[in-house]
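Asker: Please work out how this folds:
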Amino acid sequence: MELKNSRFIITITVLPEHLDDVLHVNNVIYVQWMQDIASMHWNTFASDELKNTVLWMIKRHEVDYYNQAFLHDELQMTTWTGDYTNVTWKRHYEIIRPADNKKIITAASTWIPLDRLTQRPRRIDETLINMFA
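Answerer: Modelled structure (predicted):
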């Protein structure tokens, strides 16, 4: 994992449990990976104070599929944050297969920060903005 130009990058190897009946990566797995990398990004760069006071909830996912990924493929997954409002923040994702430079998916999610104690939406303030800048 790395942060490069505000982009967080991980490498994933496709395992048997990621496959569907036609031996491609199952679409549900991509959504799981999206959540996983978002969590890794947050946990890598958020302060302990933010981790103790903020939770994130999904409002929406959008996924565009370009090519299939198969068993043992090594994939590069990238995420970065985008536009935000007072209480929503868009996060982008891309998965490519470096072996042939094929784009597998692009995706975006809208996240809502919650106050950990009340579990009500929390305003996106300078502390959050500066963390992802």
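Asker: Show residues contacting the helix or strand encompassing residue 32.
Answerer: Element membership of residue 32, judged by DSSP states H and E, is helix 27-45. Residues outside helix 27-45 that contact it (CB atoms under 8 Å, 6 or more residues apart in numbering) are 1, 3, 8, 10, 12, 18, 20, 51, 56, 58, 61, 63, 65, 77, 79, 91, 93, 95, 105, 107, 109, 111, 131-132. Heads up, the C-betas are built off the backbone N, CA and C, glycines and all.
Asker: Next: stretch 123-133.
Answerer: 6, 45-47, 50, 54, 81, 84-89, 113.
Asker: Please repeat the previous calculation with a cut-off of 10 Å.
Answerer: 3, 6, 8, 41-42, 45-47, 49-50, 53-54, 80-82, 84-89, 91, 111-113, 115, 122 (CB atoms under 10 Å, 6 or more residues apart in numbering).
Asker: Also stretch 61-70?
Answerer: With contact meaning CB under 10 Å, 6+ apart, stretch 61-70 is reached by 12, 14, 18-20, 22-25, 27, 29-31, 34-35, 75, 90-97, 100, 102-110.
Asker: If we use 7 Å, what do you get?
Answerer: Around stretch 61-70, the neighbours that count as contacts under CB atoms under 7 Å, 6 or more residues apart in numbering are 14, 23-25, 30-31, 34, 75, 97, 102-109.
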